[in-house]
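K.L.:
This is the structure alone, sequence omitted:
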């Protein structure tokens, strides 16, 4: 029993959130993966594979959360160069061989396992940003050098990710920006960054929107311009029109059926397994799984999923505030912002509030690399929560030890005073009043002796 408690230490609320997300994932992926079932001819194949990935992910959570969080700061030293090399390799292979999925070269196969190097790069950037912010913290905020180091690293990774996965690159940039705000980077630098990025974004978007997409097809790193054009145009076009029978993710054909899935739901939904639009959404199990969640579980189910992610962010904030050191605090906030921002982006796409991005719903969408990396993120949050809990317990024990020492000292003084009174009375002399004053000062008060009742009151 003690072994189980040691293995599953950490914030219980985070464990509960993780468990609920996994349960929702299993139910909804089993329902939404009908297209994969038709293709493979194996009814249990897709959900079995997904369940195995979740079980491996749960093992990763247990493993990572038992690693002291101070060791996470060494990960970027090998994750950054490795992920950079892999990103260049994947991009190069896409250009040379033309082997792409949905028009993008994001995956590579290693010993029969497909994974996205961009997921490793995201983790490395989040950790190194937390490390730099913690190292350059001063009394009045972060040293201006922190901004320069973070921008160099983030900028290089952004350039490597953006050509094949623009939404991931922009999401990562946004998370790093929010981390710099939390890390008290000077506003002068942040405002200058916003101005420069804003001007570049306006020029770039304007250029690709007014120039025919065919002119970019043969330009390396610009082959996805047509996809970006279709997604931006599709977001502003008539959303009530139902597309033709042939569905193409790059032409936003799934948006209409995602809207139908949400519109045909109600408060409690159609119940799991009764979705209709899953058969028309080729990405129902990944990019548009939130639409299936609402269709089957209703507005209550969709709202519950939103609450889980918001709860995760709030809990991470509470853990960060309790941390005595800067690195764990910045790390847990960076991870929580990344997970919740990605979730909100996915849900906004599903309900038609944002152009299609291709971002999965963390820990719910069917996935391989992304699911395992997200499980590692949860493990890191739990590791920080475990560190915080251990520090609080250590502090409590030190206070109890200090109070006990004071109590023993006061008892010793009382005994000596009692002996003095007895001796003085026997000799017919008055007792020493200074000793009584010394005793009263040595006896610990209620504030210095933690009791069970006071601890309960603090927790409440």
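P.N.:
Happy to help now that I have it. As the structure is a computational prediction, the values presented were derived from the model and not from experiment.

K.L.:
Please identify the buried residues of stretch 148-155?
P.N.:
149-151, 153-154 (16 or more other CB atoms under 10 Å). In short, each C-beta sits where N, CA and C put it, glycine included.

K.L.:
Narrow those to those in helices?
P.N.:
Per DSSP state H, helices hold the following members of these: 149-151, 153-154.

K.L.:
Closest one of those to residue 33?
P.N.:
Proximity of those to residue 33 (CB to CB) peaks at residue 154, which lies at 35.0 Å.

K.L.:
Isn't the closest one up against residue 170?
P.N.:
No. Counting by CB atoms under 8 Å, residue 170 is not a contact partner of residue 154; they are 11.5 Å apart.

K.L.:
Show me the longest helix that occurs in this protein.
P.N.:
helix 369-427.

K.L.:
can you give me the mean pLDDT across it?
P.N.:
Taken as a whole, helix 369-427 has an average pLDDT of 81.

K.L.:
Which elements pack onto it?
P.N.:
If you count contacts as 3 or more CB pairs under 8 Å, 6 or more residues apart in numbering; DSSP states H and E, helix 369-427 packs onto helix 12-32, helix 45-65, helix 117-135, helix 289-322, helix 326-350, helix 433-442.

K.L.:
10 Å instead, please
P.N.:
helix 12-32, helix 45-65, strand 113-115, helix 117-135, helix 289-322, helix 326-350, helix 433-442 (3 or more CB pairs under 10 Å, 6 or more residues apart in numbering; DSSP states H and E).

K.L.:
With mean pLDDT and distance to residue 273 added, can I get those in a markdown table?
P.N.:
Listed next are these as a markdown table, based on pLDDT from 0 to 100; distance: least, CB to CB, whole Å:
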| stretch | mean pLDDT | distance to residue 273 |
| --- | --- | --- |
| helix 12-32 | 92 | 5 |
| helix 45-65 | 90 | 12 |
| strand 113-115 | 70 | 28 |
| helix 117-135 | 93 | 30 |
| helix 289-322 | 94 | 7 |
| helix 326-350 | 94 | 19 |
| helix 433-442 | 52 | 71 |
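
K.L.:
Which of the ones you listed sits closest to residue 376?
P.N.:
Among those, helix 45-65 sits nearest to residue 376 (CB to CB), with 5.4 Å.

K.L.:
from what I can see residue 135 touches residue 143, true?
P.N.:
Yes. Under the criterion of CB atoms under 10 Å, residue 135 makes contact with residue 143 at 8.7 Å.

K.L.:
Which neighbours do the two have in common?
P.N.:
Both residue 135 and residue 143 are in contact with residue 149, where contact means CB atoms under 10 Å, 6 or more residues apart in numbering.

K.L.:
Identify the farthest-apart pair in the buried residues of stretch 148-155.
P.N.:
Maximum distance among these (CB to CB): 9.5 Å, for 149 and 154.

K.L.:
which neighbours do the two share?
P.N.:
In contact with both residue 149 and residue 154: 128-129, using CB under 10 Å, 6+ apart.

K.L.:
Can you give the distance from the longest helix of the chain to the centre of its chain?
P.N.:
Centre-to-centre, helix 369-427 and its host chain are 33 Å apart (CA atoms, centre = their mean, to the nearest Å).

K.L.:
cool, and stretch 197-217?
P.N.:
31 Å.

K.L.:
So for it, mean pLDDT?
P.N.:
78.

K.L.:
Next, the angle helix 117-135 makes with the strand or helix carrying residue 158.
P.N.:
Under the criterion of DSSP states H and E, residue 158 resides in helix 144-161. Angle between the axes of helix 144-161 and helix 117-135 is 180 degrees (criterion: axes from the mean of the first three to the mean of the last three CA atoms, to 10 degrees).

K.L.:
counting contacts, what elements does helix 144-161 pack onto?
P.N.:
helix 76-97, helix 117-135, helix 166-182, helix 187-210.

K.L.:
Out of the ones you listed, which is closest to residue 21?
P.N.:
helix 117-135 (17.6 Å).

K.L.:
Quick check: buried residues in that closest one?
P.N.:
Within helix 117-135, judged by 16+ other CB under 10 Å, the buried ones are 117-134.

K.L.:
C-terminal to that helix, what's the next element?
P.N.:
Counting by DSSP H and E, the element after helix 117-135 in chain order, helix or strand, is strand 137-138.

K.L.:
The closest residue to residue 197 other than its chain neighbours - how many residues pack around it?
P.N.:
Closest residue to residue 197 apart from its sequence neighbours, by CB to CB, 6 or more residues apart in numbering: residue 173 at 7.8 Å. Using other CB atoms under 10 Å, residue 173 has 20 neighbouring residues.

K.L.:
distance of residue 173 from residue 131?
P.N.:
Distance from residue 173 to residue 131, counting by CB to CB, to the nearest Å: 18 Å.

K.L.:
ok, now residue 20?
P.N.:
Distance, residue 20 to residue 131, by CB to CB: 31 Å.

K.L.:
if we can go back for a sec, most packed of the helices and strands packed on helix 144-161?
P.N.:
helix 117-135 (a mean of 24; mean count of other CB atoms under 10 Å).

K.L.:
what is the orientation angle of that helix with helix 166-182?
P.N.:
10 degrees.

K.L.:
Packing partners of helix 117-135?
P.N.:
Helix 117-135 is packed against helix 76-97, strand 141-142, helix 144-161, helix 166-182, helix 326-350, helix 369-427, with contacts defined by 3+ CB pairs under 10 Å, 6+ apart.

K.L.:
next one: it to chain centre, how far?
P.N.:
12 Å.

K.L.:
now the angle between helix 369-427 and that helix, please.
P.N.:
30 degrees.

K.L.:
could you check the angle helix 326-350 makes with helix 117-135?
P.N.:
Using the same axes, to 10 degrees, the inter-axis angle of helix 117-135 relative to helix 326-350 is 140 degrees.

K.L.:
Show me the domain layout of the protein.
P.N.:
The chain breaks down into these domains under automatic domain parsing: 75-374, 394-459.
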